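Enquirer: pasting the structure only:
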């Protein structure tokens, strides 16, 4: 079978078997490897398979099924769902504001199916989809038209404002960065990029003035963690101690004293990376970082191989979102940026975040499976 | 859409995606570099921090050593003490918990202030004492209300108990929680419930009684809960100390002091062991365990009988006539007189235009040393002092333990003061012969403690330079000074000492002696002694001529009454000194007390169980 023939089959036939054939099983393997890292770390955090590790792997199995199911859904159908999804996302954000569960001084959660869901997680995916859908048909010339850019800018600002209102500074920033990346991929002119970056840099001090006290406390603690060893800075100090004391080779599986003696707060969620660092050392952290890089690069590769703009932008946005998760989380536990309440995807304990990440990867894989799909003028118009 | 346009768009996306990918990789690379820095470059530092997190060295405070009297009766003991502690991290609202606690066991404002101060000082998992000495009822209601008192726990500690209470307060001193200044030197003192000696023997022997804390290295989790023991170093227990004090005798002596503001010291004159040293009024030392209320403190400090002052060791009095033995011995040593020299007492001594009166207006006539002491004739000792000179008197006083530091183990003990000519001249004032004469009867600048007067008598009685001391044995090991041979001879001729002792015998037992009230009513045993009365205010000539009567004076202006004695006369075993503040006359106020005390001492014979080789001094006299 020649390359042409194979491509023909891919373009014309979307049978279940051939679709499964098109799924990047290598990528599935990488994600499974990451989830296994999570299993090992959570096994240590819980001192056994219970209470975290076994549930973690069960959730991953569920997430994997969900991801593969979504991967098989036609990307053109997904594309048509973009704006409705966006509307649902904004609706949920408004809802959580009105009646959401208050956790740690912020309204972020919705109880659903025995789990607590953060609408902002879903919002990021919906925003990426909506923006990709908007820019799907945008030619290079059209990207130069400022009027064309106004609706997508509003589409970014509305959820960012709502998330800021929760308040959840970290997620709001990540949402803005992810949205901005989609703009970049869509061909935003460089001078506008510089303008936006400059504008944000100028607005930062003003934004700081409007921050909540706890957010400012985080920033001040970040600047000088030793100032309040048992208060807000405690987490950062203990997490750095855990990281640093791991050394080159680590203290060994289940041997982390910071972990097992409970010096690490919320170690099974946001600070799970410190367990890996303490018990497996630099070798372990670099291996995990390498794995994460492969997943990021794999996502970017899928974006590049996509032959339609919607798929490219969706893949770019989803990959960027994943990257932002890991960057913020790892930098956070090292005390390099303020604590942000951002989990390490597929490793941290916590159901809803993992499911959302897997759904996003499902969309990414669908874009990959359907990378050669033709968006027709009629039915596939979006 | 044209193919060219599509290609342009794809090209832009590819370049930008590669750029984004590059940025992402760079960012992850920066994280990796940062990880290398934290984990490898600074790894050692964080390892140390992790260990100091994990390992908590805890001190185990040994129980404080007991103080026992000479017969083994505990006089300072450790008592079980139920106390309520608060662990701040186990409650969300410390203030609320304390409020709830206050509703069950009311807390005073100063207690609350102390608790809050301690909470700020310690890490949140270190227990802080809320209240000690809980009654059973309080403890029960705390336990019942436990759900409303998160972070509160009740545990059993120890506190210091003084079974003899006020009677030994000045000797034993008291213990109190360490101050922040104390804690700097010794980490053990940070433990809850620990006490340090604040005065008396508790302070002097503090380190011995305290022992050395054991240390245990524990692995603890973040909330300070112990996971396992890593290493243990046993401490040394506080040692029991046996004192020379006879606690029952002490109480009897205190009883004899009655309501007077007075003190008495009883020594074993052969070895300087302090058998009793009572000060009246006294205070209850266990009050210091839990903290003294302001009202109580004011009551103590404003009381003119000064219950907080250890009068026996730190009260300063002019010795009056009790000093005359020293003057006599100074005169004998200086060859200024012999025991047989006679001096005429017309009732006064004129020196230039100053007239020094004898207490007896009509005078005593011709007297030798024996008669001078028996009658306590002032003129006789004016003359002896004049002949001997102040230098000899001061030197002799120092040899008898007056005006020099004694080895008594009481931090608050004072050495008193014996003036010298050099001292007066250094003050820029002349030393006149009149000053020497006044000091011949124990007045003037002399300021002595009852303890030093008792020491003086013990040295007169035995001819040995015994030092008063309170410690018999520490942890079962006998201390130096138990045996008479431990003490050097005074180096004074027996003949001279004998003459003085004989004079003291006459004071009590001669029918014309000045202290017939001191005569013992026991068969076959006699006491020798000397009275003393010392003015606290100068008596003007007019007052004297108009029939001065000290009984009419307000209490605080009346003379102090003193009596020093030893017994048995023929084989000296016990020496004592009694000072009754503002008691008017030694013969009337102090002598009967001395007699009663000595009667009890001889009856009990607390040193009897400690046979001592008969003294050469005593043998020669019988």
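Expert: Looks like it came in fine. Being a predicted model, the structure only gives us computed values, none of them experimental.

Enquirer: got the residues of the stretch 101-250 of chain A near chain B?
Expert: When proximity is defined by C-beta under 8 Å from any C-beta of the partner chain, the stretch 101-250 of chain A lies next to chain B at A:137, A:139-141, A:181, A:184-187, A:230, A:238, A:240-248. Backbone N, C-alpha and C define where each C-beta goes, glycine included.

Enquirer: ok, the residue in the stretch 451-600 of chain B that chain A sits nearest to - how many residues close by?
Expert: Closest approach between the stretch 451-600 of chain B and chain A, counting by C-beta to the nearest C-beta: residue B:475, at 40.5 Å. Number of residues near residue B:475 (other C-beta atoms under 10 Å in any protein chain shown) recorded here: 13.

Enquirer: helix, strand, or coil at the residue nearest to it when sequence neighbours are not counted?
Expert: Spatial nearest neighbour of residue B:475, excluding adjacent residues (C-beta to C-beta, 6 or more residues apart in numbering or on different chains): residue B:239 at 3.7 Å. Per DSSP: H, G, I helix; E, B strand; the rest coil, the secondary structure class of residue B:239 is coil.

Enquirer: burial of residue B:239, as a residue count?
Expert: 20.

Enquirer: can I assume residue B:572 is in contact with residue B:270?
Expert: Yes - using C-beta atoms under 8 Å, residue B:572 is in contact with residue B:270, at 7.4 Å.

Enquirer: more neighbours: which of those two?
Expert: Taking neighbours as other C-beta under 10 Å, residue B:572 and residue B:270 compare with residue B:270 leading, 28 against 25.

Enquirer: name the nearest residue to that one, sequence neighbours excluded.
Expert: Per C-beta to C-beta, 6+ apart, closest to residue B:270 is residue B:484, 4.7 Å.

Enquirer: ok, that neighbour touching residue B:272?
Expert: No - counting by C-beta under 8 Å, residue B:484 stays clear of residue B:272, with 9.2 Å between them.

Enquirer: now for these two: what residues contact both?
Expert: Both residue B:484 and residue B:272 are in contact with residue B:466, where contact means C-beta atoms under 8 Å, 6 or more residues apart in numbering or on different chains.

Enquirer: between the two, who's got more neighbours?
Expert: More crowded of residue B:484 and residue B:272, by other C-beta under 10 Å: residue B:272, with 30 against 20.

Enquirer: where's that one relative to residue B:480, distance?
Expert: The spacing between residue B:272 and residue B:480, counted by C-beta to C-beta, to the nearest Å, is 11 Å.

Enquirer: next: residue B:456.
Expert: 21 Å.

Enquirer: which one of these two is surrounded by more residues?
Expert: residue B:456 (25 against 11).

Enquirer: contacting residues around the more buried one?
Expert: The contact partners of residue B:456, taken as C-beta under 8 Å, 6+ apart, are B:322, B:325, B:326, B:400, B:401, B:402, B:564.

Enquirer: mind running it again at 10 Å?
Expert: B:319, B:322-323, B:325-326, B:397, B:399-402, B:448, B:530, B:564, B:575, B:577 (C-beta atoms under 10 Å, 6 or more residues apart in numbering or on different chains).

Enquirer: quick check: PyMOL command selecting the buried ones in those.
Expert: Here is the PyMOL command that picks out the buried ones among those, judged by 16 or more other C-beta atoms under 10 Å in any protein chain shown:
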select buried, chain B and resi 319+322+323+325+326+397+399+400+401+402+448+530+564+575+577
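
Enquirer: which one's the longest strand in chain B?
Expert: strand B:74-86 (DSSP state E).

Enquirer: and the helix or strand following that strand, does that touch chain A?
Expert: Later in the chain than strand B:74-86, the nearest helix or strand by DSSP states H and E is helix B:94-104. No - judged by C-beta under 10 Å from any C-beta of the partner chain, helix B:94-104 stays clear of chain A, getting no closer than 13.7 Å.

Enquirer: can you give me how far helix B:94-104 is from the chain middle?
Expert: Centre-to-centre, helix B:94-104 and its host chain are 39 Å apart (C-alpha atoms, centre = their mean, to the nearest Å).

Enquirer: tell me the angle it makes with strand B:74-86.
Expert: Angle between the axes of helix B:94-104 and strand B:74-86 is 120 degrees (criterion: axes from the mean of the first three to the mean of the last three C-alpha atoms, to 10 degrees).

Enquirer: return the list of helices and strands in contact with helix B:94-104.
Expert: strand B:74-86, helix B:109-121, strand B:128-131, helix B:136-144, strand B:152-161 (3 or more C-beta pairs under 10 Å, 6 or more residues apart in numbering or on different chains; DSSP states H and E).

Enquirer: and the contacts of that helix?
Expert: With C-beta under 10 Å, 6+ apart as the test, helix B:94-104 has contacts from B:84, B:86-88, B:90-91, B:93, B:107-108, B:111-112, B:115-116, B:119, B:124, B:128, B:130-131, B:138, B:141-142, B:144-145, B:147-152.

Enquirer: quick one, that helix and helix B:136-144 angle?
Expert: 140 degrees.

Enquirer: and the residue in the stretch 151-300 of chain A that chain B sits nearest to, which of the three is it?
Expert: Nearest residue of the stretch 151-300 of chain A to chain B: residue A:244, at 2.4 Å (C-beta to the nearest C-beta). Per three-state DSSP, the local secondary structure of residue A:244 is helix.

Enquirer: no further queries at this time; thank you.
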